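Trainee: need a 3D model of the sequence below.
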Amino acid sequence: MLFNAISWTLEDEALTPVRGKTVTARPIEVASDGSVVAVKVINIAGVPALFIGFGILRYLGRRARRRGQKL
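Mentor: I've put the predicted structure just below:
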């Protein structure tokens with residue numbers, strides 16, 4: 001950020017290469033095809049199922065508390 005501010009202030013394009021960074025690709029290493037399928041199934045079905053399950057438990061808990069207070 002400091003180099004950007006200096007370059008903008010001085011309007012010097014020679015400082016541009018100083019602040020440039022190169023990005024290298026870092027591929028993800030996979031242990032096996034089974035683990036890829038397991039992670040995919042958990043992400044597609046598991047996470048939504050957890051949210052739905054939490055919502056059902058929350059609903060049932062609130063409903064039980066309401067019934068308990070009326071008695």
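Trainee: over to Ile52: give its phi and psi.
Mentor: Ile52 adopts backbone torsions of phi -60, psi -40, taken as degrees, to the nearest 10.
Trainee: any idea how far Tyr59 is from it?
Mentor: Ile52 sits 11 Å away from Tyr59 when distances are taken as C-beta to C-beta, to the nearest Å. The C-beta positions use only the backbone N, C-alpha and C, and glycine is treated the same way.
Trainee: and for Met1?
Mentor: Distance, Met1 to Tyr59, using C-beta to C-beta: 49 Å.
Trainee: between the two, which one's more packed in?
Mentor: Comparing Met1 with Tyr59 by other C-beta atoms under 10 Å, the one with more neighbours is Tyr59, at 10 against 6.
Trainee: enumerate every residue touching that one.
Mentor: Under the criterion of C-beta atoms under 8 Å, 6 or more residues apart in numbering, Tyr59 has no neighbours.
Trainee: so which elements touch the host helix or strand of Val39?
Mentor: Using DSSP states H and E, Val39 maps to helix 33-41. The helices and strands touching helix 33-41, judged by 3 or more C-beta pairs under 8 Å, 6 or more residues apart in numbering; DSSP states H and E, number zero.
Trainee: give me the contact list for that helix.
Mentor: With C-beta under 8 Å, 6+ apart, helix 33-41 has contacts from Val30.
Trainee: again, 10 Å this time
Mentor: Ile28, Val30, Ser32, Gly46 (C-beta atoms under 10 Å, 6 or more residues apart in numbering).
Trainee: centre of the chain versus that helix, how much separation?
Mentor: Between the centre of helix 33-41 and the centre of its host chain there is 18 Å, according to C-alpha atoms, centre = their mean, to the nearest Å.
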